[in-house]
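1. Take a look and give me a structure for this.
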Amino acid sequence: MTRADLGKDPHAVSAMFDQVAARYDLTNNVLSVGNAPLWRIATTRAVAPKAGERILDVAAGTGTSSAALAASGAEIVAADFSPGMIAVGRERQARVPNLAFVEADATKLPFGDAEFDAVTISFGLRNVNDTDAALAEFLRVVKPGGRLVVCEFSTPPNTIIRSGYHLWQGVAMPALTKLVSSNDTAYDYLNESINAWPDQQHLARRIAAAGWTDVKWRNLTGGIVALHRAFKPAAPPAPAA
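-> Alright, predicted model coming up:
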């Protein structure tokens, strides 16, 4: 079985997700103790999709988050670099009319400048081998004034919650993944990538450094997950004739 490491080679990460695609949503629900749907609801509300908008969902996987966004009537493009994930997503979301899947690398998006009203990524940014390049690409493909929403694992600020979460990662998660995942060794990488990921404040700084403005975040489930929201600077007014 393939598993990635913190070098995050795109081919290794893609192959790993190909192998977990069939049972990915089930595994997420089990490992999150049922919180995954709640995190998805919070993310959808933060994106605030509207009918007529065009929204890019990066690292969309099987399209569960994309389908939630599409319920608004917005046109959703679900992008992922795992062919296996896309294949499962196309099958599961076949009845969603305003949802299209595209194989794409987050650091080299196959879209023109200012194509989307919003970009969102859930639990995928930490898997990209060049976070800053991805954030810059998100900025490029969004219209001036458009928005970014990142939902990602983070660092609980409360010591007790943080200690309990680390215990969960070290003891409960490995046991559960052996029961429900099609590639339990892939979830060793999951824990490694979470523990190596920057905390809320550091991620906010990186988002701002990529050119996004008004960067804010809020914690979900005690900070185990954090939602970051930001905006692309509005276009300057046209010069007077």
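2. now the helices: where do they sit in this protein?
-> For the chain, the helices defined by DSSP state H cover 10-20, 24-31, 36-47, 64-70, 83-92, 131-141, 159-167, 173-180, 186-196, 200-209.
3. Give me the residues contacting the third one.
-> With Cβ atoms under 8 Å, 6 or more residues apart in numbering as the contact definition, helix 36-47 has outside contacts at 28-29, 32, 55, 64-65, 68-69, 118, 120, 122, 147, 149, 151, 220-221, 225, 227, 229. Any C-beta I mention is one placed from the backbone N, CA and C, and that applies to glycine too.
4. Whichever of those residues end up buried, select them in ChimeraX.
-> To isolate the buried members of the contacts of helix 36-47 in ChimeraX, using 16 or more other Cβ atoms under 10 Å:
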select :28,32,55,64,65,68,69,118,120,122,147,149,151,220,221,225,227,229
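5. Pull up the gap between Arg40 and Phe81, please.
-> Using Cβ to Cβ, to the nearest Å, Arg40 is found at 21 Å from Phe81.
6. who has more neighbours, these two?
-> Remark: of Arg40 and Phe81, Phe81 carries more neighbours, 23 against 18, as counted by other Cβ atoms under 10 Å.
7. Give me the pLDDT for that one.
-> Phe81 is assigned 88 on the pLDDT scale.
8. Report the spatially nearest residue to Ala134, omitting neighbours in sequence.
-> Ala106 (4.2 Å; Cβ to Cβ, 6 or more residues apart in numbering).
9. Pop out the phi and psi values for that neighbour.
-> Main-chain dihedrals, Ala106, degrees, to the nearest 10: phi -60, psi -20.
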